[in-house]
Each structure stands twice: as structure tokens, then as C-alpha cells.
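Colleague: give me coordinates for this.
(4 chains)
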Number of protein chains: 2
Amino acid sequence: MGISERKEREKTEMRKRIVDAAVQVFKEGGPEKVSIRNIAERIEYSPATLYLYYKDKDELLLDAQADAFDQLSVAFRQIKFAQEPFKRLEQIMESYIAFARAEPELYDLMFIMKAPMNAVEDFDSWDNGDDAFDMLKQVVEDCISEGCIRFTDPIVGAISVWGFAHGLVSWTLNAGLSPHTCARK
Amino acid sequence: MGISERKEREKTEMRKRIVDAAVQVFKEGGPEKVSIRNIAERIEYSPATLYLYYKDKDELLLDAQADAFDQLSVAFRQIKFAQEPFKRLEQIMESYIAFARAEPELYDLMFIMKAPMNAVEDFDSWDNGDDAFDMLKQVVEDCISEGCIRFTDPIVGAISVWGFAHGLVSWTLNAGLSPHTCARK
DNA sequence: CAAATATACTGAACACTGTTTAGTAATTCC
DNA sequence: GGAATTACTAAACAGTGTTCAGTATATTTG
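Modeller: All right, here's what the predicted structure looks like:
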């Protein structure tokens, strides 16, 4: 019978509505406005209802964070990549930084990490960032193959690049990404 | 008259007591236990009293964070630095990562950033990390002078190294810092 | 179709949180 | 000594995440 399937479908739809509301509230009001009550009000349900779809707030934010990371992946995928691997690395870094500037709230949502991380056993079973990270890792691998970068392990290299970009974002209220900034072969 | 000086002294002593209590509570119970009430109880004062010494919780945590960063600086200063600049860079990274592992709570306190950051106008007037960062920057400068690193701007280089170390800490539940991990000239 | 059951939802409460304010106790000044 | 200043606190306010008893709604059964 299709009725339990419909119920299942409604359940995932409801979860999506909740997550969307959470992201929206976050974008509008920042971290401190993302309360269960605010999210519930936005979708016109009682606060208690959210607990029928999410175990707790951390689990909810984990999904909201996944949403934000998905949008970063989308941004990465929209890059018109060059042939040169190193050029591609620059492009992906620029995209990362541009995203952080264009969507500061989503960016915060990604790196408030602590809350969503509580919803997960350990760092290994946290996979919200995997998509975006894997894309970066791929480019780093290409760089390694061409020998235009000093790392040997693509994961370690990707961590370094990611951390670099992240640090630059924190620092950089000022200028745009200067060309030779990226000259970190 | 020395009475107003004593008052002044008592005021700074009280602030220190509060910050110490905050750090202690943080170390014992993590971020969610650092409530005004818990801090106040530890020093046997009423919660309201803390507001005679700190404008709000963010300002208090800003000082607590400064405390944590100071301890990182101390760790850096205890390094018996080698002659080779690049070796020094490895040493400072190892020290950073060792600190994060030895004092995970203090490390969290440094990078819960958001709360203390609210107590400050902009990123420029946040200087809690300046001491540690400057030490790293100095080493990076030496590396640049010797040409054993690819960056030209020591600040940008230091950001990269810092971000790299930070990323490694997030990643690295597993192994210790493998030697060639640091081979990122 | 009506009764019984399962599902979806909510109002109200609990134990917290940061913060403010009116009022009390202690200290300093004259 | 008494007046004025300072240090402190109890109590309250508005908000938080979360739970639970109870109420509607929808589904299944007789």
C-alpha cells in the first residue's frame, strides 16, 4: 500500500521544511536567532513538533550545515576550470573566498562546527564537507602529478590549502585575493 | 593617598579571579558549562557581581581567551629552536599541534572565537593571538630570507602555516605529526 | 458506517541561560 | 560619630533547549 510511503515522503518533506527554515533564520538573524522556537514559528508549528523530526538541535543544525556545504560544492562546480592544475587550485581558492564573502552567514554555519559536531560520534563520521573537500583534493592531486606543488599526500595538501583559504578569510576584511597571494606552490 | 590605588589593585585582582574561574570551569566542563552562574559560584560571589567587573559575558570570555593564547605563547617560547629556519618552522608547528592535543579545552577556548569576537569592534582590534602569531611570523620571515619557503609576504605565509596546523589538528585524531607532513616548503 | 487504534501535534512546564534593577551591607570620607 | 560612597546581592525578566501529558486527527479494524 502506498500510504506508508506517502507518510515517509511527508516525513522527509517536513524535515526539509525544518532545515530550510533553520537556514533561513540563520541567514537573517545569525547564530543567536536560530532557536527552536524561531524555527518552529517560521513554519507555523509548535516547538515541540520539531522534536518529532529531530532528536535535538544539534542534529538539526547538522543538516542545516550540510545544506550550506552543498551550496559551496555548487559554487565549486560552477567554476570554469583552466587546464593548468595550479591555475585550477587558484580558482578553487578564489571560489572559496568569494563564497565566504558572498554568504557570510552560510560560511559561519559551516564553521560553527561545534554544535553540529556534537550530533556526530567522531570527526570521521562527519561528512558534510566531504563533497567540497574531495573536489579540492582532486585538484591538489593533479598539482602533485604535475609537480607544481610540494606536498606528496593529497589529503595533507588539501588540508593545507583549505586551512590557508580559511585563514585568509578570517584575516581579509581588506583587499581581494591578491594574485601572488596564491603563489604558494 | 594609596587607598584608591589599592581599590584599583583589588579591581584587577578580582578580574583575574573571575577570568581564572572562567578558564577553570571551561577546562572542566567545556563550553556549555561556562555560565555566569557557574563562574560566580566558583569564586563564591553572586552572578550579578561579575557585571561590576565585566560588561558582559563576551568581554569576560575575551580575557579568558587571552589567557589561553598566552599559554600557547609560553609553549612556543619553551621551544629549543634549531638553527635552520625551516626546522624552526617545523618545531613551531609541532608545538602548536602538541598544545592542541595536550590542552584541548584551551584550544577550543581559542577558537570558539565567535563569542569573544563579539566583544570587539572588528577583527583588527582583536589582539589575543598576536603574540603567538608574531612568533610564527618571525620564523616565517627567516624562512623567506633563506628562500626555503615560497611565500613572499610573511603575514600571508604565517596565515597559511597557521591554517595548515589548524586543519591538521581538526583532522588528526589519528597519528602524530608525520615528518614529511611538514615538508611543505 | 462506527468503534478502536495509531499517528500527529501542542500547551504547559522544567531547568537552565544572560542580564538588569532595586535595595542592602560594608567601607570611606568629613 | 554621621553622611556619602562603594560593593554586593536577591529577585525578577525574557529568553533558551527539551520533555511530557493530553488532545485532535487520521488510519485500520469489526
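
Colleague: disregarding residues adjacent in the polypeptide, which is nearest to residue A:115?
Modeller: residue A:61 (5.0 Å; Cβ to Cβ, 6 or more residues apart in numbering or on different chains). Glycine gets a C-beta too; all of them are placed from N, C-alpha and C.

Colleague: now that neighbour: which helix or strand?
Modeller: Secondary structure assignment for residue A:61, by DSSP states H and E: helix A:57-77.

Colleague: list the buried residues in that helix.
Modeller: Under the neighbour-count criterion of 16 or more other Cβ atoms under 10 Å in any protein chain shown, helix A:57-77 has A:57, A:59-69, A:71-73, A:75-76 buried.

Colleague: try stretch A:140-157
Modeller: Going by neighbour count (16+ other Cβ under 10 Å), the buried part of stretch A:140-157 is A:140-144, A:149-151, A:153-154, A:156-157.

Colleague: ok, now stretch A:111-125?
Modeller: Buried, per 16+ other Cβ under 10 Å, within stretch A:111-125: A:111-117, A:119.

Colleague: contacts for it?
Modeller: Residues outside stretch A:111-125 that contact it (Cβ atoms under 8 Å, 6 or more residues apart in numbering or on different chains): A:31, A:55-59, A:61-62, A:64-65, A:126, A:128, A:166, B:31, B:108, B:112, B:114, B:170-171, B:173.

Colleague: tell me the centre residue of chain A?
Modeller: Central residue of chain A (Cα atoms, centre = their mean): residue A:69, 2.1 Å from the mean position.

Colleague: so what's that one up against?
Modeller: By Cβ under 8 Å, 6+ apart, residue A:69 lies in contact with A:110, A:128-129, A:131-132.

Colleague: let's see that with 10 Å instead.
Modeller: A:106, A:109-110, A:127-133 (Cβ atoms under 10 Å, 6 or more residues apart in numbering or on different chains).

Colleague: just the residues you listed: which are in helices?
Modeller: Taking DSSP state H, the ones among the contacts of residue A:69 that sit in helices are A:106, A:109-110, A:130-133.

Colleague: which PyMOL command selects the buried ones in those?
Modeller: This is how PyMOL selects the buried members of these, with burial counted by 16+ other Cβ under 10 Å:
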select buried, chain A and resi 106+109+110+131+132+133
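
Colleague: closest one of the ones in helices among the contacts of residue A:69 to chain B?
Modeller: Lowest distance from chain B to these (Cβ to the nearest Cβ) belongs to residue A:133, with 10.1 Å.

Colleague: correct me, but that closest one touches residue A:159?
Modeller: Yes: the pair residue A:133 / residue A:159 is scored as a contact, 8.7 Å apart, by Cβ atoms under 10 Å.

Colleague: sorry, back to before: list just the nearest of the ones in helices among the contacts of residue A:69 to residue A:25.
Modeller: residue A:109 (10.8 Å; Cβ to Cβ).

Colleague: from the buried residues of helix A:57-77, which are also near DNA strand D?
Modeller: When contact is defined as Cβ under 7 Å from any atom of the strand, these meet DNA strand D at residue A:57.

Colleague: quick check: residues of chain A near DNA strand C?
Modeller: Residues of chain A lying near DNA strand C (Cβ under 7 Å from any atom of the strand): A:7, A:10-11, A:14, A:44-49, A:52.

Colleague: I'd like to know which of the buried residues of stretch A:111-125 are part of helices.
Modeller: A:111, A:114-117.

Colleague: any chance of the residues you listed in CSV, plus distance to residue A:96?
Modeller: Output for these, formatted as CSV (distance: Cβ to Cβ, whole Å):
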residue, distance to residue A:96
A:111, 12
A:114, 21
A:115, 22
A:116, 19
A:117, 20
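
Colleague: run a quick neighbour tally on whatever residue of chain A ends up closest to chain B.
Modeller: In chain A, the residue that lies nearest chain B is residue A:163 (3.0 Å; Cβ to the nearest Cβ). Other residues near residue A:163 come to 23 when the count uses other Cβ atoms under 10 Å in any protein chain shown.

Colleague: name the nearest residue to it, sequence neighbours excluded.
Modeller: Spatially, and ignoring its direct neighbours in sequence, residue A:163 is nearest to residue B:163 (3.0 Å; Cβ to Cβ, 6+ apart).
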